[in-house]
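**Student:** 3D model of this:
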Amino acid sequence: MSIEQYFKTKMPKEDVEFDNNESSEVDSDLEEADIEVPNNYRRATQKKLNLKKKKVQLLSKRKTRVFQNEWLNIYKWLIYDGSRNLMFCSLCQSHKKQNKFGKEGSKNFKSSALSEHSTTKDHTDATNREIAKVELIKV
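**Tutor:** Next up is the predicted model:
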């Protein structure tokens, strides 16, 4: 079986010259070839379609993220309010920082959200203020 037979395509008749000015004549001189698609090609295509369906199902069955108690040991500044299911930064709260962790709390239960917060300008400023406050008390 040739490539032309494998795919259903329009094949030009013998000795047809293509001229941009005669596009209607060229189209009328084309024949449609009816080719049967082999079963193994159908099965391969069907398998690909089934894989796409499975991916969609997997995405919908993802677990929802929840607060991990071990984060309290890693991030000493972290406060978890279980009744509201929110995380707060004790440093940002005490120094009245206007960010999500300092003001309204965060429901972004990803460790990356916590590590990103710890590098923000607000958090580092609150940390430096807390260190200065502790140093001042010691003297």
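**Student:** Okay, and Ala113 sits in which element?
**Tutor:** Assigned by DSSP states H and E, Ala113 belongs to helix 111-118.
**Student:** mind listing the helices for this protein?
**Tutor:** Taking DSSP state H, the helices of the chain run over residues 3-6, 23-28, 39-60, 71-74, 90-94, 111-118, 121-138.
**Student:** avg pLDDT for stretch 118-137?
**Tutor:** Stretch 118-137 shows a mean pLDDT of 92.
**Student:** quick revisit: tell me which residues in the helix holding Ala113 are buried?
**Tutor:** Ala113, Leu114, His117, Ser118 (16 or more other CB atoms under 10 Å). Glycine gets a C-beta too; all of them are placed from N, C-alpha and C.
**Student:** contacting residues around the last one?
**Tutor:** Residues touching Ser118, when contacts are defined by CB atoms under 8 Å, 6 or more residues apart in numbering, comprise Tyr75, Trp77.
**Student:** And it, how far from Lys76?
**Tutor:** 10 Å (CB to CB, to the nearest Å).
**Student:** Then Glu130?
**Tutor:** Distance of Glu130 to Lys76, computed by CB to CB: 11 Å.
**Student:** Also Leu114?
**Tutor:** Distance of Leu114 to Lys76, given as CB to CB: 12 Å.
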